[in-house]
Structure formats: structure tokens, C-alpha cells
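Student: coords below, sequence missing:
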């Protein structure tokens, strides 16, 4: 199928998220897609599934799914959201008809605000364990996915929202200077874990990542493009059209070679978290349980409440 035709088909589709089998990068490469249907037969239908936080539509004729975050007001990554995200990714990964997924937000002006602060404040050790394991699972599935993953960032994307975008193969952001993106955990007194760090280093390089992480910087869209945090800026009304075109370009390549190359580039980083997963959970619990951190989180939540009122 010509890339231009595929792009048009993808542009007419729409998508959403996730849990716990072997990560996609640890499974055999996806077999080639089924051959095109003979002339005169109807195209494969769109298949959709949605839950409370995420909506997914798969166009089986193009092999592309659209995943849309729909968790007002800001698509925060709650335990429920993360679980749905992982389950949705797993469903798509296990569907041979799906070769790529475009990830975006159904909400205007926000891609995702990042990890849900309420999940980290005043909860039990058991809850912290379950929550952080879900964060890990989301990243392992997305960063290690065999599918082509394109982030269509149609709003601001701080912290965990930035991690989601960084974990994709390609990032396109709406050309709006009011939209920003970055791992800004340091501003909240939180230290980004090593696999957050590894992900941004692999995208922008060590020096830019070090400065951005230490300062907890949120970069306006034009600056994000200059630093390499995103690959392209396009007008907001052209975002999905461009995402479809990029997806078509990537899917024009043989799946097997692309998947093996992706695994070669990302496996060491993925394996590092797998090897230290329990230690990482313990470190998170130890850190987030500190009274100084809990106080900082409570102050941040109060500030958010005042903004809303």
C-alpha cells in the first residue's frame, strides 16, 4: 500500500490504554501483516474498545490504532489509568492486524499532566507498591513495544506525561508556545528514577538531559524542538494529519528489520529496570514515605486546589 494512501486511511481513524504479561520486547518479532484483501471485498472494519480512561480504535485495513487519553481534567496517570493503559497496549500488541499506534489526548490543551499526586500522598505501603509497579509496567510495555508508536502531543506534557511521549518512537507536538513538555519532578522535590533518566538521555543526550533533570525544566514547544525532546512542531489543526503521514512512512518498512533494530537500541535500558524492578519499588516507597516529601506533596495539592477555586 502506498504511503500516501495509508496516511489518508489512518487520518480517518481515531484511539486509547494497559497490564502484566511478558514485555513486548521479550517476545518474538511480530509476523508480517496479512496480505491485502482481493478486489471487490470490503476492507477490514475498524475495531474499537474503550474504558473509563482510554479509548482505542483500530483500523485493521491500515494496521494503525488511535489511542486517546480521556481522563478529565488533565489525564493524570492514576493507578486506574495506568492499568487501563497497559491492558490496552497488550490487546493491541497481541492483535496481528495492528502494526502501529498513535497516542494522543481527547482533552484540549493537555496531553497528560503526569503521575497522579493523590496516589503518592497519605497512602499505605501496599498502595505505593501497587502504584509504582503499574508505572513500571506502563513504561516497559510502551518503551519495548514491537509496534510503531507515534506521540501526537496536543497539549502540555509535564513529568510522567513527558515520559509517555519520550517512550514513543516519534514525537510530534502542536505548535503552540503555551504548551510545554519536560521531566519537571525536581520542582516538586521528587527525584526522577534511573529509567526516566535513561529514557531522556537516549533522546536528547547526556548534557541536555542532566541540566533539564536538575532544574526540573518545562520546555515550551519551540525550545523542546530545538533540544530534540520532540521531532516536529506542526499547527494544531494539522497534528493528526502529520501523525498519520509519519506513521505511514514508518510502516512502509519491513516490520521484522525495524523491530529487531528497535530491540537492539532499547534492550539494555529495558533489561536494567527488569533486573532492578523490586529494588526500584523499594526505593520509591522509601522516598515517597519520607515526611518531608509527603509535606511537599500536600503543599502542592493545596496549591492546585487554590488554583481551581
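Tutor: The structure has been received and is ready for your questions. Worth saying up front: this structure is predicted, and the values here are computed from it rather than measured.

Student: CA atoms for contacts and neighbours, from now on please.
Tutor: Fine.

Student: Next up, the contacts around residue 236.
Tutor: By Cα atoms under 8 Å, 6 or more residues apart in numbering, residue 236 lies in contact with 154, 174-176.

Student: one more time with 10 Å
Tutor: Residue 236 is in contact with 109, 152-155, 173-176, counting by Cα atoms under 10 Å, 6 or more residues apart in numbering.

Student: among those residues, which two are most distant?
Tutor: Using Cα to Cα, the two most remote members of the contacts of residue 236 are 152 and 176, lying 13.3 Å apart.

Student: Overlap of the contact sets of those two?
Tutor: Common neighbours of residue 152 and residue 176 (criterion: Cα under 10 Å, 6+ apart): 233, 236.

Student: okay, the two: which has more neighbours?
Tutor: Taking neighbours as other Cα atoms under 10 Å, residue 152 and residue 176 compare with residue 152 leading, 29 against 18.

Student: Now the more buried one: which helix or strand?
Tutor: Using DSSP states H and E, residue 152 sits in strand 148-153.

Student: What is that strand packed up against?
Tutor: In terms of contacts (3 or more Cα pairs under 10 Å, 6 or more residues apart in numbering; DSSP states H and E), strand 148-153 is packed against strand 64-69, strand 100-105, helix 159-166, strand 170-174, strand 232-234, helix 239-251, helix 255-275.

Student: which other residues reach the shortest one?
Tutor: Looking back up the chat, that one is strand 232-234. Outside strand 232-234, the residues that touch it by Cα under 10 Å, 6+ apart are 152-154, 170-176, 221-222, 224-226, 239-243.

Student: What's the PyMOL syntax to select whichever of these are buried?
Tutor: Only the buried entries of the contacts of strand 232-234 go into this PyMOL selection, using 16 or more other Cα atoms under 10 Å:
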select buried, resi 152+153+154+170+171+172+173+174+175+176+221+222+224+225+239+240+241+242+243
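
Student: sorry, back to before: avg pLDDT for the strand holding residue 152?
Tutor: Average pLDDT, strand 148-153: 98.
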